[in-house]
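In: need a 3D model of the following:
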Amino acid sequence: FKGFLLLLVANVVFYSFVISAEGTKPFFSFFTLNKQYFSLYEILFWTRFKHPSFLSWIILVVGGLGFFLWKKYRTIITTPEIIAYALLLFCFIFMMQARVNIIAYFVVIAFFVYLSVAHLFSKQLKYGLFVSVGLVAIGTVTYLTTHTAYFSDPIRNQLYATAFQAIKEGNLWIGNGSGYQRYIMDGFVGYVHNDFVAILVDIGIIGLSLFISWLGAIVLSKDTLKQYLLLVFLPIMNTDVLFHAFECTYILIPLLIFILFAPRFKS
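Out: Got it, this is the predicted structure:
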């Protein structure tokens, strides 16, 4: 946590140097919601992992885990550090123009607010609120991706059209075979940028049902730490992949081990 906090501070410093040297944009120009506002790779020289969404996502995951640690042991991570991390991360995801993480940031904040007030409600009301907020979040994301130029992505629409055509032509129940989603994307972008769609193409409704059942078991585990990890998984799983690209295993495997073997964290 403290290491990533220092990296966030360093990135703001790097950004300020570069934006000052350029001299044509104000410091807060990263709030313009424009992916072409700036050559962001100039401030990512410290890493070879240049994908801005994945990079921002890793930092978001660590920040949330740090929040849980702060709630339990406030001498290890202090309140000013948590506040600084949240503010700097907010700036960083906009500097990176990481669209999925802009959405995920507010989803995570809403989740922590929910945890803070959940004890005030009955069990039925709590689950109803949880489902309602989830539906609102899905509706909001759907609206943003279909009605705004910034969040819409014509290339992904083309990906999904190709994938659903493969689903239509193949076996709906057992899919087309492992790796088929890569085959239909050969020469395009390499893979379907959605874990759920990719699973449906490869192993059909049966495979997708098993996968969703596993995710549902995590939700029903009543373990807030694992629920949080699933929550930050979902935005990437719906806009890119964690299960269908080799590079993602560097992120996925440690977190899967954590989900499977981490101690329970209820409070």
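In: who are the packing partners of the helix or strand harbouring Val131?
Out: Counting by DSSP states H and E, the element that carries Val131 is helix 123-147. Contacts defined by 3 or more CB pairs under 8 Å, 6 or more residues apart in numbering; DSSP states H and E place helix 123-147 against helix 99-117. C-beta coordinates here come from the backbone N, C-alpha and C atoms, glycine included.
In: for stretch 118-132, buried residues please.
Out: Residues Phe130 are the ones in stretch 118-132 that count as buried (16 or more other CB atoms under 10 Å).
In: repeat for stretch 4-18
Out: 4-5, 7-8, 11-12, 14-15.
In: gap between that stretch and the chain center?
Out: Stretch 4-18 sits 21 Å away from the centroid of its parent chain (CA atoms, centre = their mean, to the nearest Å).
In: with just CA atoms, put it into CSV.
Out: Extracted in CSV, the C-alpha atoms of stretch 4-18 (Å, rounded to 0.1, in the frame of the first residue of the first chain):
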residue,chain,number,x,y,z
PHE,A,4,1.8,2.3,-4.4
LEU,A,5,1.1,5.5,-2.5
LEU,A,6,4.7,6.7,-3.3
LEU,A,7,4.2,5.7,-6.9
LEU,A,8,1.0,7.8,-7.1
VAL,A,9,2.9,10.8,-5.6
ALA,A,10,5.7,10.2,-8.1
ASN,A,11,3.3,10.0,-11.1
VAL,A,12,1.7,13.4,-10.1
VAL,A,13,5.2,14.9,-9.9
PHE,A,14,6.2,13.4,-13.3
TYR,A,15,2.9,14.6,-14.8
SER,A,16,3.5,18.2,-13.4
PHE,A,17,7.0,18.2,-14.9
VAL,A,18,5.9,17.1,-18.4
